[in-house]
Structure formats: C-alpha cells, structure tokens
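Asker: quick one: sequence plus predicted model below, questions after.
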Amino acid sequence: TALMFAPAVLAMVLAAGARKRHVAALVGAVLVAAPLSYPFLKNHQRERVDALIAQLKGDDRYVRDIGFQADRAMTLAGAGGLAGVGREHARALVLHNRLPEEHNDMIFAVICCRWGFFGGVVTWGLGMLYALGALLVAVLAREPFSRLVATGIAGTFAAQLALNTAMTVGVMPVTGVPLPFVS
C-alpha cells in the first residue's frame, strides 16, 4: 500500500515542473534496482513474486497455496467472456470457485464474471473519467497547491485502478490494493 504513494508523487513532481528526462532517469534506475531488492524481501513477499512468475510460465505448483486467490480470480474473470454470464450464474461461479475477498480485493473478477469484458471496460472507462476529471480540476486550478493535490488524487486513483485490475487478471502479484469506489 505504501508503494501507492509513488505514482501520486511522480505525477505531482511532473505537474510541479520537473524535467521529464530527470524523472525518466529516476524511473529507469528504480526499474533496474527493483529486481536487486528480491533477496531483501520477506519470505511471504518472495513467495508472492515466485507464485506470479510460476503463474506466468504456466506452472501450477502454487495454485493450492499462495497462488490460490490469483488463480480463482483469473478463472472467474475469464468465465465472463465478452458479455458476462448473468447474475445467478455469476453468483454460483463465485460461490463454487471459493474466491477469497470477492467483495473487496477481487471485486474486479466478480464484475468481469457478471458483465464480462464489457463490464471491465465500463469499469475502466468510469475510472478514467474520474481521473480525467481530477486532471481537469488540476488544469483549471489557480493555486499551485490545489493543482498538485488534484494531480496527486488522479495519480493515486489511476494507479490503484491499474494495480487492482492487473493483480486480478494475473499480471501483478496479489497485493491487497482495493478497486477505488467499488471495493
């Protein structure tokens, strides 16, 4: 959760006038250094990273353990197809697949199961509409502080939306970040 401050700070630094090449160099250094931090992670953090890598490779050895929640979320999100399976069928799928935290961390999987890919797109569309509204407030703000607050809100919101959906569809480790205004 503490890492959710990074996108907000990054957006605010850019809005405050930092040079893009300096910010790009900082982001590049972080991306290079991030894999080097693996030995310093706690055991449960390393297990989540290992489970994600195994999942991306198609290895199912973590599915019954640390990778259970991610596996169930991907299964349910994919079960919705393009247009979803309907209310009762989605309820039965969620119940019988035993998705942990379906009402908060993994609500995007339930949305995709119930309303399909189109439901996910609508959720993203509404989220981006909110973030763009915050950016519009930032553009129209007269005071620098107000501009930076609105930019930080937009950055935090967009990052939470992206991280929650990425962990739900299996491209990021499960971190417990909720889907804003939905979870």
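Answerer: On my side now, so go ahead. Since the structure is predicted, the reported quantities are computational estimates derived from the model, not experimental observations.

Asker: any weak-confidence spans in this protein?
Answerer: 102 (pLDDT under 70).

Asker: three-state assignment of the residue most central in space within it?
Answerer: Centroid-nearest residue in the chain: L163, 1.4 Å away (criterion: Cα atoms, centre = their mean). Here L163 takes the helix state, with states given by DSSP: H, G, I helix; E, B strand; the rest coil.

Asker: could you find the closest non-adjacent residue to it?
Answerer: Nearest non-adjacent residue to L163, counting by Cβ to Cβ, 6 or more residues apart in numbering: V177, 4.8 Å away. Quick note: C-beta positions are derived from backbone N, CA and C, even for glycine.

Asker: mind listing what the one you found touches?
Answerer: T1, M4, D105, Q160, L163, N164, M167 (Cβ atoms under 8 Å, 6 or more residues apart in numbering).

Asker: wait, the second one touches L161, no?
Answerer: No - because the distance of 11.0 Å does not satisfy Cβ atoms under 8 Å, M4 is recorded as not touching L161.

Asker: which of those two has more neighbours?
Answerer: Applying other Cβ atoms under 10 Å to M4 and L161 shows that L161 carries more neighbours, namely 23 against 15.

Asker: tell me how far V13 lies from L3.
Answerer: 16 Å (Cβ to Cβ, to the nearest Å).

Asker: between those two, who's got more neighbours?
Answerer: Higher neighbour count among V13 and L3: V13, with 17 against 10, using other Cβ under 10 Å.

Asker: leaving out the residues flanking it, which one is nearest to the more buried one?
Answerer: Per Cβ to Cβ, 6+ apart, closest to V13 is V23, 6.4 Å.

Asker: M172 too?
Answerer: Closest to M172 by Cβ to Cβ, 6+ apart is A166, at 3.9 Å.

Asker: end to end on stretch 7-23, go ahead and measure it.
Answerer: Stretch 7-23 has an end-to-end distance of 12 Å (criterion: Cα to Cα, to the nearest Å).
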